[in-house]
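1. Sequence and predicted structure are below.
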Amino acid sequence: MGKLCYFFFPLMISYLLFLQMETAHGSTDLIDENDDVKGSIGAIVDYSSRIGKEEKVAMEMAIEDFNSQYSDLHIDLLINSSQGEPIQAALAARELVYNHGVKAILGPQSWEEASLVAEVGNQSHTPILSLAYSTPLWATQRWPFLIQASSDQSAQMKAIAAVIESQDWHRVMVIYEDIPSAATGAVLRLSEALKDVGIEIGHLLPLPPSDSYSSLYEELKSLKEGQCRVFVVHTSLQLGVRLFETARKMEMMGEGYVWIITDTIANLVYSIKASTISSSMEGIVGVKSYLNETKPKFKEFCRRFRRKFSSEHPDEDKNEPGIYAANAYDAAWAAALALKGGNMSGRQELLDKISDTKFEGLLGKIEFHDKKLAPANTFQIINLVGKSDRELGLWSETATSNFSAKLAQVVWPGGPRTTPMGWTPPTDEKPLKIGVPGMSTFKQFVEVVQDGNNDSFKGFSIEVFKAVEKRLPYALPHEFHCFNGSYNDLVKAVYLKKYDAVVGDIAIVADRFKHAEFTQPYAEPGLVMITPAVRSKSSTKAWLFMKPFTKAMWVLTTFVTVYNGFVVWLIERNHCSELRGSVLNQMGTLLWLAFTTLFSLHGEKLHSNLSRMAMVVWLFVALVITQSYTANLTSMLTIEKLEPTVTDIETLKSSNSIIGYCRGSFVAAYLKDVLDFKEKNIKHYSSPEDYSQALTNGDIAAAFLEAPVANLLLAKYCRRFIKAGPTFQVGGFGFVFPRGSPLLHDISQALLRVSESGVLGELEKSMLTSEKCLDVEDDETSSLSPSSFWVLFIISGGTSTFALLSYILHHKLIKLHDPTSEPKTIWRFFTAITKFWLQRTRKFSRRVSDVELPGSSPNSGTLTLIQVMS
């Protein structure tokens, strides 16, 4: 949009000028492209301004110096005044080109004038050396005969942003002169620079160039009523001086206020009366173009300039030259130097020669790239103190690190040296007015106890705000006020300036940002669906011990176990006679040997390293398998499974089910507009007990709650309800402040400190997660009982019973043949059993085959039990 303004405005004016010029001059105005270029240069300045006066003197000095140095060529300088009017500048350019035949034009200084002069130069093929600092980047493409003879100063906006950032301010007001080059050029670049460092512009205040003191008073009055106290001023010197004089009368140049000026004023501070600085501008910080004033060439220029300027303008109190004078001197020298070569074939060649000019000027090395001087990248930071200014430091795009540490001590308006806050904090006389929701469904977050006119406020949200307040670097007097209305209306009340802030369980949602801003969330974000819970039923609970492994895992484990036993048996059978015998005996020994490897190594019995190796590896695998089985089975036995009655919102919508939400919250609109529920199927509730009753009785199929309050409901009714479906992303709970509030940044930062220090977690633990479950089990179904293991018990008991019955049957048969032998045989049997268990601490190999008595053979241990029982 800014580019369009730059483009069409000069075209419209130039078209009108063209009609006027054609009528007045006819065809005699046409300039021959190939006429000889000789020595006359034109210039357009504003005699009524300080800049114009300096430029005129500097240009005349440059041409005098050039003619003195190059006596073989005399250059004439013709200067016209624009009187600060763009159309007058265009007419002056027309006169210089067509009436006086100048070969190039210097100036003017403002872009509003330069754009029209550039159009004249484009039509007449006359090079225009613009001295405007706010020239757009695309201007030289639009007007091929335009040369930007002044360095682009747009980088100064980054310097201003760096100054503001260094003082830890986060919001500023911008006051600018309401002219196209400021509105679409400098202010736009300032906005971008501030945005890059996270600084917000609270308000843009345009001032007409001819604004009177009364108009300025009304404009500043509106700024004074706000909280922000950091002002950036981008105006002309004349308007700026009137602005600061008005601000002084309104007591806005005192302590707590911050004023920052751009180069349009800062570059001319040396020309301001000392009395004006001391009375109306003291404490102002400015960013000005850097000019190396220590060079001998510049010092000699200053000496001569002061003398000439004083003689021509005795009414001016200050006669020092500034960067505008130096720039005009270098531009005039560049144009004259291009004419030095004598006759040229045409004006295009003159344009090319100016573009190729290189020399050492007052500003340093003068060299054009794409018809532009290199942009300025170094700026001087100044502070107006007493009757003049002093340097605080330099800012450069090439060295921006640790910028704040390089600045000298600043004297701010009103005299303090401590950095102002940049905004007006609440006071005991005017405390912060904070709204608190009085209709909160879950009192753990916010509870308002009304006692006549003395309401008390408590809850998690209130305590979090108090913890945040303690971590602010300043006191924050405040008052809580109960608001009995919807949450949306409470947020709008901040926008309507009824409250300065809101503290409570306020959900952060996009629609509310139209009226206010939020801090960082202090509670879990999300919207969840709560449904009644039912216990999962299993018809195979008796076989629960089999569930830790899949069928394939059981088959594989059995196979590997038998296979390992077979391998060990095959390897060891030649070393141990007990592994030989009948087929049935060998099969039993093999299986017994295989499955006991799950619990012992049998390392002393094994004779082959191969079998030992196989046994060690399998023992490790068996250890992992058994431990995994134990852990998985423990989990299955100890964790009770609850299932929701509804698993997704599509089921609710298709069945036309009734759903619930908290009264006054944003959830109703979310359910209707985002999740597409019918409005008639949405009901609101005002307490956890109402939710419990409605869900239990089937009045609603589900409730949609913000995650923090949903956790409270589930903690209170832990066995009755359950979360179901996905969590819908919303912003969580936060504190509310007006848009652009200077408190917002500090509160959010303090809130993060509360969270990182663990205080927030402690508050959650003491006030939210300590909620006790009201659901009490009325049966013992949650306790482990034999019912889960009855199959194992039957198998184990049946096996034991079978062994016992087999033993009794075997001995009854023996008693029939020899009745007198039973007591003796039974006695020997129990004696052998007793001796056997006395040796149970020995290893597997000793218990099976190496139970040796003194003087017995290696196999006598095995035969002992058999002999006793025989």
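-> Thanks, I have it.
2. What about the nearest residue to residue 675 once chain neighbours are set aside, how many residues nearby?
-> Computed as CB to CB, 6 or more residues apart in numbering, the closest residue to residue 675 that is not its neighbour in sequence is residue 649, at 6.0 Å. For the C-beta atoms, the positions are set from N, CA and C on the backbone; glycine is no exception. Here the neighbour count serves as a burial measure; for residue 649 (other CB atoms under 10 Å) it reads 21.
3. just the one 4 residues further on next, same as before
-> Burial measure for residue 653: 15 neighbouring residues, criterion other CB under 10 Å.
4. for it, what are its contacts?
-> 676-677 (CB atoms under 8 Å, 6 or more residues apart in numbering).
5. and it, that one's in a strand?
-> No. Assigned with DSSP: H, G, I helix; E, B strand; the rest coil, residue 653 falls outside any strand and is helix.
6. What distance do you get for it to residue 722?
-> Look at residue 653 and residue 722: by CB to CB, to the nearest Å, they are 20 Å apart.
7. Would you confirm that the residue nearest to residue 675 contacts residue 531?
-> No. Using CB atoms under 8 Å, residue 649 and residue 531 do not qualify as a contacting pair, with a distance of 10.8 Å.
8. contacting residues around stretch 211-223?
-> Residues from elsewhere that reach stretch 211-223 (CB under 8 Å, 6+ apart): 173, 175, 203, 205, 207-208, 231, 239, 242-243, 245-247, 249-250, 252.
9. Tell me which entries of those residues lie within helices.
-> Applying DSSP state H to those, the entries found in helices are 239, 242-243, 245-247, 249.
10. Tell me the buried residues within these.
-> In those, burial by neighbour count holds for 239, 242-243, 245-247, counting by 16 or more other CB atoms under 10 Å.
11. dump the residue contacts of residue 424.
-> 227, 229, 256.
12. Including pLDDT, secondary structure and neighbour count, could those residues go into JSON lines?
-> Supplementary listing: those in JSON lines, determined by pLDDT from 0 to 100; DSSP: H, G, I helix; E, B strand; the rest coil; neighbours: other CB atoms under 10 Å:
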{"residue": "227", "pLDDT": "85", "secondary structure": "coil", "neighbour count": "18"}
{"residue": "229", "pLDDT": "93", "secondary structure": "coil", "neighbour count": "24"}
{"residue": "256", "pLDDT": "91", "secondary structure": "coil", "neighbour count": "16"}
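13. Make CSV out of those and add distance to residue 664.
-> Listed next are the contacts of residue 424 as CSV, based on distance: CB to CB, whole Å:
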residue, distance to residue 664
227, 29
229, 37
256, 39
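14. which among those residues gets closest to residue 658?
-> Nearest to residue 658, judged by CB to CB, of the contacts of residue 424 is residue 227 at 47.0 Å.
15. the bottom helix or strand of the chain by mean pLDDT?
-> When the helices and strands of the chain are compared on mean pLDDT, DSSP states H and E, helix 860-869 comes out lowest with a mean of 39.
16. Output stretch 67-85 as PDB, restricted to C-alpha atoms.
-> Coordinates of the C-alpha atoms in stretch 67-85 are reproduced here as PDB (Å, rounded to 0.1, in the frame of the first residue of the first chain):
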ATOM      1  CA  ASN A  67      36.100  26.200  -9.500                       C
ATOM      2  CA  SER A  68      39.200  27.200  -7.500                       C
ATOM      3  CA  GLN A  69      40.700  23.700  -7.900                       C
ATOM      4  CA  TYR A  70      39.800  23.300 -11.600                       C
ATOM      5  CA  SER A  71      40.300  26.700 -13.100                       C
ATOM      6  CA  ASP A  72      40.000  25.500 -16.700                       C
ATOM      7  CA  LEU A  73      36.300  24.700 -16.100                       C
ATOM      8  CA  HIS A  74      33.800  27.100 -14.500                       C
ATOM      9  CA  ILE A  75      30.600  25.600 -13.000                       C
ATOM     10  CA  ASP A  76      27.600  27.800 -12.300                       C
ATOM     11  CA  LEU A  77      25.200  27.000  -9.500                       C
ATOM     12  CA  LEU A  78      21.600  28.100  -9.700                       C
ATOM     13  CA  ILE A  79      19.500  27.600  -6.600                       C
ATOM     14  CA  ASN A  80      15.700  27.800  -6.400                       C
ATOM     15  CA  SER A  81      13.600  27.600  -3.200                       C
ATOM     16  CA  SER A  82      10.800  25.000  -2.900                       C
ATOM     17  CA  GLN A  83       9.300  26.800   0.200                       C
ATOM     18  CA  GLY A  84       8.700  23.300   1.500                       C
ATOM     19  CA  GLU A  85       5.900  22.600  -1.100                       C
END
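17. Residues contacting it, please?
-> Counting contacts by CB under 8 Å, 6+ apart, the residues outside stretch 67-85 that touch it are 39-49, 52, 56, 59-60, 63, 66, 88-89, 92-93, 95-96, 100, 102, 107-108, 110, 113, 332, 336, 339-340, 342.
18. Which of the residues you listed are buried, as a PyMOL select command?
-> One line in PyMOL is enough to select the buried members of the contacts of stretch 67-85, burial here meaning 16+ other CB under 10 Å:
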select buried, resi 39+40+41+42+43+44+45+46+49+52+56+59+60+63+66+88+89+92+93+95+96+102+107+108+110+113+332+336+339
